[in-house]
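Undergrad: Provide a 3D model corresponding to the input given below.
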Amino acid sequence: MSFRQPKTTLVQPETLLTLSAGSFRPLLAAKNVRCPNIFRLPEFIATDLRLRGLCLPTDMLAGFGLKDIEKLRDEADRAQCPVLLLSEEAAIDFTDRGENFAKAIDRIGRLGLAASKLGCPSLALRATAPDTDEAFEKTAQGVKQALKAVERYEIVLLLAPHAGVTDQPQRLTELIKKIGGFRIGSFPSFAHAAASESLEQTLRKLAPYAPAIAASIRGFDKDGAHEGFSLDACIESISSVGYSNMLAIDYVGPEDAAGDDAAKSSKKKSTKKTSAVDATNDLDALVAVLDRARQALEAASAALVPEDEEE
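TA: Modelled structure (predicted):
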C-alpha cells in the first residue's frame, strides 16, 4: 500500500513532519479566534507551523457525520495538509469475546469508514491485556478480527505501546509478526521510548514496523534543550535503522504535568523537575514550542547527513 506524499518538510530524505491534532485540543475547545475549530486546523498548521500532514485522535471527531468528515477532508486537501493517521486513544481488550469486544470491533469498522472518507491510510489502536502467553495469543486473534473489520477500506492498523502485553518493544514486535500481513504495524512514541529501559533500543526495535512515529514534545528549557530526553538521540536511533516515514509532532507538555499513557506504562520513572513552560492553553506559546520542535528535529537530522550527501 502506498501512503499519500504531499509536499513535505524533510527530516531524513522522504521523512514527513506532521502534527498531532491532540496538541491543539484545549485551544480548539476555547475557540481561539486564530484557529476556532478543527476545520481551520489544517490551514493553520500548514501556514503557521509549515507542516504538511495531520494525525487526528478519534475523539476529536465526536459527533461528526459523513458530511462533516468530508468537509474536514476537503479543507485538509485545500491546505495541502491531509489527515494521514487516526489514533484511537481508548485501549481495547482484544482478549475479550463478549459484548464489549463486539462493540469495539464495530467501532473499529466505523473508524475504518471515517478514515476512508478522510483519505487517511492508517488507524492506530492500543491493546490492553496482561503480559502473559495466553493474553498474547488472544490479543493476536482479536487484532486479526479488527483487521477484517477494516479490510474493505484498505486501512493499515498500527499498534501503539500500552501497559501490559505491548509495553515492551520485543513483545510488541513479536505480536505484530504473530498477526502477520502487510496491514499491521507499530506506532511508537518518543515519550514511551524515553520512559522505557532504553530509549535507543526501544526506537530501534519498533521503527522498522512503523509507518508513523509520535515525536512527543515536552517543551524546551531556557537554553533550548528539550526537556526530559534528547531529540537528537531519538532521531539518531530511528535513522540508524533507515527510518524515513512520518513523524507526528505531539506536544504532551512538561513531564511533571503530562498524562500520556505511554509514559505511565513504563516502570522507569523520572524524578527530574521540569523547567519548561506549559504551553497547553496559550496559542502563541504552543506555536513557539511546536516551531522549535520542528527546527530541532530538522537540525538533529541534518547533523547525521554526511558532507558528501548534502546539497
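Undergrad: Ends of stretch 31-42, what's the gap?
TA: Using C-alpha to C-alpha, to the nearest Å, one end of stretch 31-42 lies 15 Å from the other.
Undergrad: Show residues contacting that stretch.
TA: 21, 24, 27-28, 44, 54, 60, 71-72, 75-76, 78-79, 81-83, 283 (C-beta atoms under 8 Å, 6 or more residues apart in numbering). All C-beta atoms are positioned from the backbone trio N, CA, C, and that covers glycine.
Undergrad: hmm, 6 Å instead?
TA: F44, L54, L72, E75, A76, A79, C81, L283 (C-beta atoms under 6 Å, 6 or more residues apart in numbering).
Undergrad: Show only the entries of the residues you listed found in helices.
TA: When DSSP state H is applied, these are split such that F44, L72, E75, A76, L283 fall in helices.
Undergrad: would you turn the residues you listed into JSON lines with pLDDT?
TA: Compiled in JSON lines, those are given as follows (pLDDT from 0 to 100):
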{"residue": "F44", "pLDDT": "95"}
{"residue": "L72", "pLDDT": "97"}
{"residue": "E75", "pLDDT": "97"}
{"residue": "A76", "pLDDT": "97"}
{"residue": "L283", "pLDDT": "89"}
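Undergrad: So which of the residues you listed is surrounded by the most neighbours?
TA: Tallying neighbours with other C-beta atoms under 10 Å puts A76 at the head of those, with 27 neighbours.
Undergrad: quick revisit: nearest to G185 among the contacts of stretch 31-42?
TA: Among the contacts of stretch 31-42, L54 lies closest to G185 (C-beta to C-beta), at 18.8 Å.
Undergrad: got the residue ranges for the strands in the protein?
TA: With DSSP state E as the criterion, the chain has strands at 16-20, 54-57, 83-87, 122-126, 156-160, 184-186, 212-217, 246-251.
Undergrad: Output the contacting helices and strands for the fourth one.
TA: Put plainly, it is strand 122-126. Helices and strands touching strand 122-126, by 3 or more C-beta pairs under 6 Å, 6 or more residues apart in numbering; DSSP states H and E, are strand 83-87, strand 156-160.
Undergrad: Appreciated, that's everything.
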